[in-house]
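Participant: fold the stuff below for me.
(chains A and B)
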There are 2 protein chains.
Amino acid sequence: MRVALGQFNAVVGDLAGNAQKMRNIYAEAVRSEVDLLVFPELAVCGYPPEDLLHKKHFLRDCSLALDKLAADCPDTTVIVGFAENYQGAGYNSAAVLQGGRTSKIYRKAQLPNYGVFDEQRYFQPGAEPVIINLKGVNIAITICFDIWNIEWLANFLKDAGQIQMILNISASPFHVGKIKKREETVSRCAKEFNCAVAYCNLVGGQDELVFDGRSMFADSTGNTKAKARAFDEDLIIADVTPTLEGTVQVEPTQPAALQPSDLLDEVYQALVLGTRDYAHKNGFKKTLLGLSGGVDSSVTAAIAVAALGPENVVGLTMPSKFNSPDTKADAKKLSKNLGIEFLTIPIEPILKQFDEALKEVRGWSSEGIAYENLQARIRGGILMSLSNQFGSLVLTTGNKSETAVGYATLYGDTAGGFAVIKDVPKTMVYKLAEHINKISRRQIIPADVLTRPPSAELKPDQKDSDSLPDYDLLDKILKGYVEEDKSAQQLVESGLPQDVVHNVIRMVDRNEYKRRLSPPGVRITPKAFGKDRRLPITNRYSEDR
Amino acid sequence: MRVALGQFNAVVGDLAGNAQKMRNIYAEAVRSEVDLLVFPELAVCGYPPEDLLHKKHFLRDCSLALDKLAADCPDTTVIVGFAENYQGAGYNSAAVLQGGRTSKIYRKAQLPNYGVFDEQRYFQPGAEPVIINLKGVNIAITICFDIWNIEWLANFLKDAGQIQMILNISASPFHVGKIKKREETVSRCAKEFNCAVAYCNLVGGQDELVFDGRSMFADSTGNTKAKARAFDEDLIIADVTPTLEGTVQVEPTQPAALQPSDLLDEVYQALVLGTRDYAHKNGFKKTLLGLSGGVDSSVTAAIAVAALGPENVVGLTMPSKFNSPDTKADAKKLSKNLGIEFLTIPIEPILKQFDEALKEVRGWSSEGIAYENLQARIRGGILMSLSNQFGSLVLTTGNKSETAVGYATLYGDTAGGFAVIKDVPKTMVYKLAEHINKISRRQIIPADVLTRPPSAELKPDQKDSDSLPDYDLLDKILKGYVEEDKSAQQLVESGLPQDVVHNVIRMVDRNEYKRRLSPPGVRITPKAFGKDRRLPITNRYSEDR
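Facilitator: Numbers count the residues shown, from 1 in each chain, chains lettered A, B, ... in the order given. Here you go, the predicted model:
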């Protein structure tokens, strides 16, 4: 039996566009004489459609799109994910398309409702396994989370007879290193049932999520026999053959796809795809960002160029009297290296006018936090003005470390449309800068940028280290507190300095509202600031008391 | 049996503060010789604690706070809601405190996971009823949603024997008119079980939610016999007496609390409480807002004054050449009427400098949308600068109608900390203005403000009606599309004009990202822009195709 996995980039809500992509893939699969073509979870409508699922007409339109797809794909068996209104309730379903119509429907039984997932908000759980037989091969259909609890699955399929292949259609979002867990899950599943596993994942960026593809086949010994491209569309095909000994062999029909070279490379590729898809899927061709000569804006610019092309990225430097000649020169150099348009708008005259006007209010001070933030807000105003004038997407440049502790100006440097590196800790930003230079085989990001102590340059001789701990230490604390939900006590017991731990936790807690009002950005860690971590703004919980 | 409902304003995460409030109420209840004192759902930690519940140390601290509360309240039976870690899983629980310790625990069985609720993200459902007997009265304990599905509840309690009172501890958020449904639910419950119902609700603002209190007692005929204050703390006490005829009588020990005069009055009170609690619970004493002389900022200012006192509200007018003498005069008059400080900062010189700077970029235009938005962003920058300098909370003034269609400048007039009327449709803003004048018994909001055609005053002779349909029509469409999830087709079939319906829907869909990046504000409708309505930003679904 020849099986194809159609890993494609669906757009949420684009029922016609997604169907067109699937028809094109179908045509290719038919040319390759496949017996079974598989598309990802909710491929008809994209994932996650969120509260679109509460619109009855949306579910109706999904069904209509599915019927049309079935009619257009009569010549082989197709499995495709769609959102279903069944007896008045919502289901996350997989349709079996055969002979021009839907012959069977499997309804997802395990509905994840943690982390970024809210499936119990939308769907009822299915209760019945669906087994199909193609060319004498018994195939059990599963959807994403169904295979992650192997004990549950074994029980669910216990009356299904001998299964030769488990099919899993997924929309499994990326975070760094997740592929390993996914491969282990697929492998465990193959071994448990002594069957092949065909795992078809979604690819593409959707708001904060990136789906990384890497669909795969495993044989009944649990070995991965083929893996699709990462962060790109792909169609992989394999022949699945049960043997007389009771094993199931898998033979791919194409050479292996190139995979990311390491964890840093996969983060880089996720950022590029997430940025490209956010821009393009929301109708933006051009982007615009402020270049400070620092590492955050340099890396953001390089990712934007990789995502959208140098002709679609404009860098803007907006110096004040506090910006050093060195950082200004580095911003310019970077633009030249990247081949992007570079504009300069000094903010000093505007800052002066603002200051004059604010001086009319008793108590206004031309130094201190308010005055520093004002500089960032003028820059945000300039970027947003150009965005409105030219229709370009403003990329913000804050990293996860400063986002966590609120080392940013709300409506200032957080003003924009997409926050490319908001989930990348500062220490990893440096590594990404080196990675970018490495894969470019030249010094795209100037060497100075990587060695100069970081500074917001909002007052004379300012350094990040005046207000924050060293980033190595800060990032350790943040990983424990934010990503692993550890307590201050646990962090201190693990050897981190008590006063710094408490300070950092206070900063993180106090800045929830800033994060809430900052743009979305690519999720690359197991817990980003976003749907992953839903803390109240009004929150007096403190471990200090 | 004498029962007291301790309706109090809990703060999320403030374990010590909430316990102190409950100890004070306990002392009062003991003085009134009550047999049973009831506190709301999750009273120990506030509602909703969201992802604080993922911190194991938070659950541990909740348990410690509960134990201490039990030890401090030995002299009568107390029922209190808390978040529980039981055998490694989270539960939304009610503890029965007797003799200085927890004697029984009921675990909520029905976990709402729709609208603003995400309880299945945090809690496992309980499976066992808990019945306690006090002075010969059998009491079934339930938590919030447990009583909203009466068929389920009847089955759940079917082996519990004769119940004389159902106790329900709730954290039921306000929306306009909800009290009617709540009373119906309580009444239906009383009649179904032929028992009294004691319903204790939370009160207070928590981010976007307002809990309106109005705890109540119903007798076994389903009549409401006592109702606590709305939007304020209260302790109501009643004697609950089973009769020989098998009915249960309820006699309150205090006179009836004054209730809101009508739906508009309850909206007004919700906005006042929501604003006060957001400010105070987040450590703000002072607020600041821009006054345009229009109805939105006038109503927002009046609510701020009612919430925080005139001495804590500063109004700022920031005129440009486009502002008429009339609106400037009205802003000043309003400030005088409200007795608030009034500042004027003209933006013209700053606008001129920005324009000069931006002219250096080829293609910049000193008229059009970008130039209009720039004015709003300068105003946002001024407000945020003063906020940073003086530590005051900036209130934004956008209403639900303009928030829906994106008739606002991102990082401009949406820049601030709290959006008081973001869930109030424009047509209701006018009614609120009249209501404010009525309850003040004088023309607080000048008459002109109520009759002048609305304008953003960002270019010469601008009117809202140049870009938007009449607000009567707009609000009808928005109610159908946003709050009721109706399709364009349904709206057109209900008699609304097709072209306007499609235009409005397009505007709503296209502006999701603006709403996402705007401050929180008080929820007063059944579906606000916030946790109620979770739509993807990246979304190509359209009914046009």
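Participant: tell me the secondary structure at residue A:169.
Facilitator: strand (DSSP: H, G, I helix; E, B strand; the rest coil).
Participant: measure it to residue A:81 for me?
Facilitator: Using CB to CB, to the nearest Å, residue A:169 is found at 5 Å from residue A:81. (Each C-beta comes from the backbone N, C-alpha and C, glycine too.)
Participant: shared neighbours, those two?
Facilitator: Here residue A:169 and residue A:81 have A:39, A:40, A:41, A:43, A:94, A:143 as joint contacts, going by CB atoms under 8 Å, 6 or more residues apart in numbering or on different chains.
Participant: tell me the most packed of the residues you listed, by neighbour count.
Facilitator: Using other CB atoms under 10 Å in any protein chain shown as the neighbour test, these are led by residue A:40, with 34 neighbours.
Participant: what's the local residue count around the spatially closest residue to that residue that is not a sequence neighbour?
Facilitator: Spatial nearest neighbour of residue A:40, chain neighbours left out: residue A:202 (4.0 Å); criterion: CB to CB, 6 or more residues apart in numbering or on different chains. Look at residue A:202: counted by other CB under 10 Å, it has 29 neighbours.
Participant: residues contacting the closest residue in space to residue A:39 that isn't next to it in sequence?
Facilitator: Leaving aside its sequence neighbours, residue A:39 sits nearest to residue A:80 (CB to CB, 6+ apart; 4.3 Å). By CB under 8 Å, 6+ apart, residue A:80 lies in contact with A:22, A:38, A:39, A:43, A:44, A:66, A:69, A:94, A:95, A:97, A:169.
Participant: and residue A:204, helix, strand or coil?
Facilitator: strand.
Participant: beta partners of it?
Facilitator: residue A:211 (DSSP bridges).
Participant: hmm, it is touching residue A:10, no?
Facilitator: Yes. Using CB atoms under 8 Å, residue A:204 is in contact with residue A:10, at 6.5 Å.
Participant: which bits of the stretch 251-400 of chain A sit near chain B?
Facilitator: A:277-278, A:281-282, A:343, A:345-347, A:349-350, A:352-354, A:356-358, A:360-361, A:363-365, A:368-371, A:373-374, A:377-378, A:380-382, A:384-386, A:388-390 (CB under 8 Å from any CB of the partner chain).
Participant: could you point out which element follows the top helix by length along chain A?
Facilitator: Ordering each helix of chain A by length in residues (DSSP state H) puts helix A:369-390 first. Per DSSP states H and E, the first helix or strand lying C-terminal to helix A:369-390 is strand A:393-396.
Participant: contacts for that following strand?
Facilitator: So strand A:393-396 is in contact with A:275, A:278-279, A:282, A:284, A:286-289, A:300, A:304, A:383-384, A:387, A:413-420, A:422, A:518-519, A:521, going by CB under 8 Å, 6+ apart.
Participant: if any of the residues of the stretch 251-400 of chain A next to chain B are buried, put those into a PyMOL selection.
Facilitator: In PyMOL, a selection of the buried entries from these looks like this (16 or more other CB atoms under 10 Å in any protein chain shown):
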select buried, chain A and resi 277+278+281+282+343+345+347+350+353+354+357+358+361+364+370+371+373+374+377+378+380+381+382+384+385+386+388+389
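Participant: who does residue A:143 bridge with?
Facilitator: Bridge pairing for residue A:143 - DSSP bridges - gives residue A:169.
Participant: list the contacts for it?
Facilitator: A:41, A:81, A:92, A:93, A:94, A:106, A:108, A:168, A:169, A:170.
Participant: mind doing that once more with 6 Å?
Facilitator: Residues near residue A:143 by CB atoms under 6 Å, 6 or more residues apart in numbering or on different chains: A:41, A:94, A:108, A:169.
Participant: poorly predicted segments of chain A, please.
Facilitator: A:544-545 (pLDDT under 70).
Participant: am I right that residue A:237 sits in a strand?
Facilitator: Yes. Assessed by three-state DSSP, residue A:237 belongs to a strand.
Participant: tally of neighbours for it?
Facilitator: 21.
Participant: quick check: it vs chain B, distance?
Facilitator: Separation of residue A:237 from chain B (CB to the nearest CB, to the nearest Å) stands at 29 Å.
Participant: doesn't residue A:253 make contact with that residue?
Facilitator: Yes. Residue A:237 lies in contact with residue A:253 (CB atoms under 6 Å); the separation is 4.6 Å.
Participant: now the helix or strand harbouring residue A:16: buried residues?
Facilitator: For residue A:16, the element it lies in under DSSP H and E is helix A:15-31. Neighbour counts over helix A:15-31 (16+ other CB under 10 Å) mark A:15, A:18, A:19, A:21, A:22, A:25, A:26, A:29 as buried.
Participant: name the residues that touch the helix or strand just after that helix?
Facilitator: Next along the chain after helix A:15-31, taking DSSP H and E as the criterion, comes strand A:36-38. If you take CB under 6 Å, 6+ apart as the criterion, strand A:36-38 is touched by A:3, A:4, A:5, A:6, A:29, A:76, A:77, A:78, A:79, A:134, A:200.
Participant: and after strand A:36-38, which helix or strand comes next?
Facilitator: helix A:56-72.
Participant: so residue A:420 sits against residue A:299, correct?
Facilitator: No. Taking contacts as CB under 6 Å, residue A:420 lies outside contact range of residue A:299: 8.1 Å.
Participant: now the closest residue to residue A:102 other than its chain neighbours. Its backbone dihedrals?
Facilitator: The shortest distance from residue A:102 to any non-neighbouring residue, by CB to CB, 6+ apart, is to residue A:95 (4.7 Å). Main-chain dihedrals, residue A:95, degrees, to the nearest 10: phi -100, psi 140.
Participant: ok, residue A:95 - contacts?
Facilitator: By CB under 6 Å, 6+ apart, the residues touching residue A:95 are A:66, A:80, A:82, A:102, A:105.
Participant: look up how far chain B lies from it.
Facilitator: 19 Å.
Participant: give me the beta-bridge partners of that residue?
Facilitator: Going by DSSP bridges, residue A:95 forms beta bridges with residue A:80, residue A:105.
Participant: show me where the stretch 201-350 of chain A has its helices.
Facilitator: Taking DSSP state H, counting those that start in this stretch, the helices of the stretch 201-350 of chain A run over residues A:263-281, A:295-308, A:325-338, A:348-359.
Participant: my guess is residue A:290 contacts residue A:317, does it?
Facilitator: No. Residue A:290 is beyond contact range of residue A:317, at 7.3 Å (criterion: CB under 6 Å).
Participant: phi, psi of the residue lying closest to residue A:50 once chain neighbours are set aside?
Facilitator: Leaving aside its sequence neighbours, residue A:50 sits nearest to residue B:534 (CB to CB, 6+ apart; 4.8 Å). Main-chain dihedrals, residue B:534, degrees, to the nearest 10: phi -110, psi 90.
Participant: do the same with residue A:455
Facilitator: phi -150, psi 140.
Participant: list the residues that contact it.
Facilitator: A:462, A:463.
Participant: try 10 Å
Facilitator: Going by CB atoms under 10 Å, 6 or more residues apart in numbering or on different chains, residue A:455 touches A:292-294, A:322-324, A:327, A:461-466.
Participant: what does residue A:535 give?
Facilitator: Contacts of residue A:535 by CB under 10 Å, 6+ apart are A:508-509, A:512, A:515-516, A:529, A:541, B:12-13, B:49-52, B:54-55.
Participant: scan those and report the most crowded one.
Facilitator: Highest count within these by other CB under 10 Å belongs to residue A:529, 27 neighbours.
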